[in-house]
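**Student:** Got a sequence here, can you model it:
(4 chains)
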There are 2 protein chains.
Amino acid sequence: MSQSIEATIVVVDDEPSIRELLMASLHFSGFEVVSAATGSEAIEVIEKTKPDLVVLDVMLPDIDGFTVTRRIRQGGVDAPVLFLTARDDTQDKVMGLTVGGDDYVTKPFSLEEVVARIRAILRRTRQEGEADPIIKVADLEINEDSHDVTRAGEIIDLSPTEYKLLRYLMDNEGRVLSKAQILDHVWQYDWGGDAAIVESYISYLRKKIDGVEVRDENGAKKKVTPLIQTKRGIGYMIRAPREEQGSTD
Amino acid sequence: MSQSIEATIVVVDDEPSIRELLMASLHFSGFEVVSAATGSEAIEVIEKTKPDLVVLDVMLPDIDGFTVTRRIRQGGVDAPVLFLTARDDTQDKVMGLTVGGDDYVTKPFSLEEVVARIRAILRRTRQEGEADPIIKVADLEINEDSHDVTRAGEIIDLSPTEYKLLRYLMDNEGRVLSKAQILDHVWQYDWGGDAAIVESYISYLRKKIDGVEVRDENGAKKKVTPLIQTKRGIGYMIRAPREEQGSTD
DNA sequence: TCTCATCCTGTAGATTTCCTGAGAAACGTC
DNA sequence: GACGTTTCTCAGGAAATCTACAGGATGAGA
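**Tutor:** Alright, predicted model coming up:
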């Protein structure tokens, strides 16, 4: 969200709700988005649009996603593809998807997941110098390539959901996010449970992120300053602590 | 209210009282407002008007709000939507409502809430540039993104209602607001209590906003100048103090 | 100055929201 | 198949917030 990436993406899915969900989310994340509902339409649109990336459902009513990929590659388009697959698709089919810059996510996905994968692919594809996989808030860092998380230098181990939640918060540093927003972005789109789960995961994150102890100059143990804040009745926010202005200005 | 945003909004709700409440309030807030009472009428009006934003009740007599959204998006309108939902279907259907610049408020809402959400959406949607989340009166500032409130640099912690009240006052800087007006805007439209509660909250705000102490050049503690004024028999107003010439206090 | 309406603010109880630990279920790994 | 991890639910308790109410303070007008 923070940095505008300026890339064109073609979204291919026959289910209107999923297509629109992806379009809205990607558009809002700063991408140029075009869509297609069938395989043949996809080929046409992709060859015309020459996108930087294609989000492609493998299960399409007419031509399956792999064939679509083959066709567009023959047509001279070598944009990377992010496949959308059903969870029960056999492993062998999914095998080989991760070669050549392509990747996949399983349905039902979370928007966080999709956007993160897209960013990762583009980062890899675009080579260039400015591909920085590190997101930073104060002394908290996450590396999008290695999925490493460190606080004040200490390595922190997070579960997948904890990681996604943290990344979403950090992507929106200094902005209060409601529990509904967090649910919509971090959890799978078919999630039917209660927003209370967000509270639990915030609690887990706090224990791991804000519960870190470091040693100061004297060797005494000291808790780090909390970064995750609760805005009661509104939501949660992550932010670097304000500069202490002890100066009498 | 202060800054004229000049945007066109379509309001869709089948209940005439709510529709008119919203229309009046939004019109007064400086928006161009058109309305519709049913889903089909909404689609027609929206495609003709091409508004900057749509306020849409999800529960409509003919076509539900989600379908309306899909239809207008297919029709080439990609205006963001502020959904109005009943409090009890927040769990099932709310999923994805906060995606892609969209948002929602639950009925019964307060007008403050609706206007604030609309501003937030427009701020985010209208791309970069002059998106300023800060509202300022003298040395009092509120940040709409982080919900931070500062007076003379000091961070102030406000409850949700206090925050809404302050925002309403600041949005109407230099204008006296009656207790009835405040009640109508800051509290939910079905509020049945006494207007005396406004006095209580004004009192809370004063303690927090106008009770701040700062240190002057000599290091002596000094109260800030009060910003919240009572107009006896009329209402309340917030305003930057006039240029002091020969302060006798 | 007196009176009355209006406003201010403290107290207290009810309500809402949040935090966190414990446990069940699902999942992946060896 | 056994184990550890992860995800999710639930519920108790703590804390913040909301609201009503009432006595005191203040201001306007007679």
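
**Student:** just checking, next helix/strand downstream of the helix or strand of chain A with the lowest mean pLDDT?
**Tutor:** When each helix and strand of chain A is scored by mean pLDDT, DSSP states H and E, helix A:91-94 comes last, with a mean of 59. Next helix or strand after helix A:91-94 toward the C-terminus (DSSP states H and E): strand A:103-107.

**Student:** Tell me the strands beside that next one, with direction?
**Tutor:** Neighbouring strands of strand A:103-107 in its sheet, by DSSP bridges, are strand A:81-86 (parallel).

**Student:** Need the mean per-residue confidence for the partner strand.
**Tutor:** For strand A:81-86, the mean per-residue pLDDT is 91.

**Student:** Pull out the C-alpha coordinates of that strand and format them as CSV.
**Tutor:** The C-alpha coordinates for strand A:81-86 follow below in CSV (Å, rounded to 0.1, in the frame of the first residue of the first chain):
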residue,chain,number,x,y,z
VAL,A,81,1.8,-16.0,-13.6
LEU,A,82,0.3,-16.3,-10.1
PHE,A,83,-2.0,-19.4,-10.3
LEU,A,84,-5.1,-19.8,-8.2
THR,A,85,-5.6,-23.4,-7.4
ALA,A,86,-8.1,-25.4,-5.4
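
**Student:** Next, the buried residues of that strand.
**Tutor:** By 16 or more other Cβ atoms under 10 Å in any protein chain shown, the buried positions in strand A:81-86 come out as A:81-85. To be clear about C-beta, it is placed using only N, CA and C from the backbone, and glycine gets the same treatment.

**Student:** Closest to B:Leu111 out of those?
**Tutor:** Relative to B:Leu111, the closest of the buried residues of strand A:81-86 is A:Leu84; by Cβ to Cβ it sits at 41.1 Å.

**Student:** now what about stretch A:99-117, what contacts it?
**Tutor:** For stretch A:99-117, contacts defined as Cβ atoms under 8 Å, 6 or more residues apart in numbering or on different chains pick out A:18, A:21-22, A:25-26, A:29, A:55, A:69, A:80-87, A:89, A:94, A:97-98, A:120-121, A:124-125, A:144, A:164, A:167-168, A:184-191, B:99.

**Student:** Check stretch A:173-192 too.
**Tutor:** Applying Cβ under 8 Å, 6+ apart, the contact partners of stretch A:173-192 are A:2, A:18, A:21, A:108-112, A:137, A:161, A:164-165, A:168-169, A:195, A:197-199, A:231, A:234-240, B:90-92, B:94-99, B:104, B:145-147.

**Student:** can you narrow these to ones near DNA strand C?
**Tutor:** A:199, A:234-235 (Cβ under 7 Å from any atom of the strand).

**Student:** any idea which element the residue in chain A that chain B sits nearest to lies in?
**Tutor:** Nearest residue of chain A to chain B, counting by Cβ to the nearest Cβ: A:Ala24, 2.6 Å away. Remark: A:Ala24 resides in helix A:16-28, with elements defined by DSSP H and E.

**Student:** picking that back up, could you report the neighbour count for the nearest residue to the residue of chain A closest to chain B once chain neighbours are set aside?
**Tutor:** Excluding its sequence neighbours, the residue lying closest to A:Ala24 (Cβ to Cβ, 6 or more residues apart in numbering or on different chains) is B:Gly100, at 2.6 Å. By other Cβ atoms under 10 Å in any protein chain shown, 24 other residues sit near B:Gly100.

**Student:** Can you pull out the low-pLDDT segments for chain A?
**Tutor:** Across chain A, the ranges flagged by pLDDT under 70 are A:1-5, A:89-96, A:127-130, A:243-249.

**Student:** could you point out the longest helix in chain A?
**Tutor:** What stands out as the longest helix in chain A, according to DSSP state H, is helix A:111-125.

**Student:** Return the set of buried residues in that helix.
**Tutor:** Buried residues in helix A:111-125, counting neighbours by 16+ other Cβ under 10 Å, are found at A:111-123, A:125.

**Student:** Wondering if it reaches DNA strand D at all.
**Tutor:** No. Helix A:111-125 lies out of reach of DNA strand D by Cβ under 7 Å from any atom of the strand, never closer than 11.1 Å.

**Student:** for stretch A:187-197, same thing?
**Tutor:** Yes. Stretch A:187-197 comes into contact with DNA strand D (Cβ under 7 Å from any atom of the strand), by way of A:187, A:191, A:193-194, A:196-197.

**Student:** Name the member of those that has the highest neighbour count.
**Tutor:** Counting neighbours by other Cβ under 10 Å, A:Trp187 leads those with 24 neighbours.

**Student:** DNA strand D contacts on chain A?
**Tutor:** By the rule Cβ under 7 Å from any atom of the strand, the part of chain A lying against DNA strand D is A:157, A:159-162, A:187, A:191, A:193-194, A:196-197, A:200, A:232-233.

**Student:** could the residues you listed go into CSV alongside secondary structure?
**Tutor:** What follows is the residues of chain A next to DNA strand D, written out as CSV (DSSP: H, G, I helix; E, B strand; the rest coil):
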residue, secondary structure
A:Asp157, coil
A:Ser159, coil
A:Pro160, helix
A:Thr161, helix
A:Glu162, helix
A:Trp187, coil
A:Trp191, coil
A:Gly193, coil
A:Asp194, coil
A:Ala196, helix
A:Ile197, helix
A:Ser200, helix
A:Arg232, coil
A:Gly233, coil
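
**Student:** Just flag the most distant two among the residues you listed.
**Tutor:** A:Asp157 and A:Gly233 (32.1 Å).

**Student:** hang on, the earlier thing: DNA strand C: which of the buried residues of strand A:81-86 is nearest?
**Tutor:** Proximity of the buried residues of strand A:81-86 to DNA strand C (Cβ to the nearest atom of the strand) peaks at A:Thr85, which lies at 13.5 Å.

**Student:** Just list whatever residues bridge to the closest one.
**Tutor:** A:Thr85 has these beta-bridge partners by DSSP bridges: A:Thr106.

**Student:** hang on, it packs against A:Val58?
**Tutor:** Yes. With contacts counted by Cβ atoms under 8 Å, A:Thr85 reaches A:Val58, the gap being 5.1 Å.

**Student:** Which strand or helix spans the residue of chain A found nearest DNA strand C?
**Tutor:** DNA strand C sits closest to A:Thr230 of chain A, with a gap of 3.4 Å, by Cβ to the nearest atom of the strand. Using DSSP H and E, A:Thr230 falls within strand A:228-231.
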